[in-house]
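Enquirer: Sequence and predicted model, in that order:
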Amino acid sequence: MTVTISAQITPNPHTLKFVTSRIILDFGSIDFSDQAKAETSPLVQALYRLNGVSSVMVGTNFVSVTKSYSVDWTELAEPVVSTLQRELEGETVGVDTSLLIQSSTSSDDIESRIRDILDNEIRPAVAMDGGDIQFHSYEDGVVMLHLQGACSSCPSATLTLKMGIESRLREEIPEIRDVVQI
């Protein structure tokens, strides 16, 4: 199976989004924020073996790779593409899907509304920039979220969180006082 890969810039200058012609995950995303989390995922292990890779997030049909500050994309982009092609052209994809964060069902109406807005409006937009946002919890008016991929270390993450996500959630759910990254 021939896999095509295209690199796309993200708002985070240290992260590139590599879109693949092969489905990697049926849904969701998995954030491998450090090499230890990749021990059961051969695809991600192969990427971490490249000098300069500091973080990897795998989505449905893309992989966001964050580089260390000491490496330039001119040195790293081609080895990432080659590694992705080699790993994705095999019979199995090599990502441990047991690490997927499952959305737990909640009977709480506010949590359900938060999840609905995140899943249907915010996450698709963030995925276009090579990131993902996972709901963690809602307590006493505070929404706690995990920012992943390009979003986790993006210079504009705070702006996105406060002006984008918090504003949108508060528009629909006035009980929300704050949105924080954990």
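Expert: Alright, I've got the coordinates.
Enquirer: Return the distance of the closest residue to R177 other than its chain neighbours relative to P42.
Expert: Spatially, and ignoring its direct neighbours in sequence, R177 is nearest to G141 (3.6 Å; C-beta to C-beta, 6 or more residues apart in numbering). Yep, even glycine has a C-beta here, placed from its N, CA and C like the rest. G141 is 43 Å from P42, where distance means C-beta to C-beta, to the nearest Å.
Enquirer: List the buried residues for stretch 50-64?
Expert: Using 16 or more other C-beta atoms under 10 Å as the test for burial, stretch 50-64 gives 50, 52-59, 62-64.
Enquirer: nearest to H146, of those?
Expert: Nearest to H146 among the buried residues of stretch 50-64: M57, at 10.8 Å, using C-beta to C-beta.
Enquirer: for whatever helix or strand that closest one lives in, packing partners?
Expert: Under the criterion of DSSP states H and E, M57 resides in strand 53-58. Judged by 3 or more C-beta pairs under 8 Å, 6 or more residues apart in numbering; DSSP states H and E, the packing partners of strand 53-58 are strand 30-32, helix 42-48, strand 62-67, strand 142-149.
Enquirer: Ranking helices and strands of the protein by mean pLDDT, which lands last?
Expert: When the helices and strands of the chain are compared on mean pLDDT, DSSP states H and E, helix 157-159 comes out lowest with a mean of 75.
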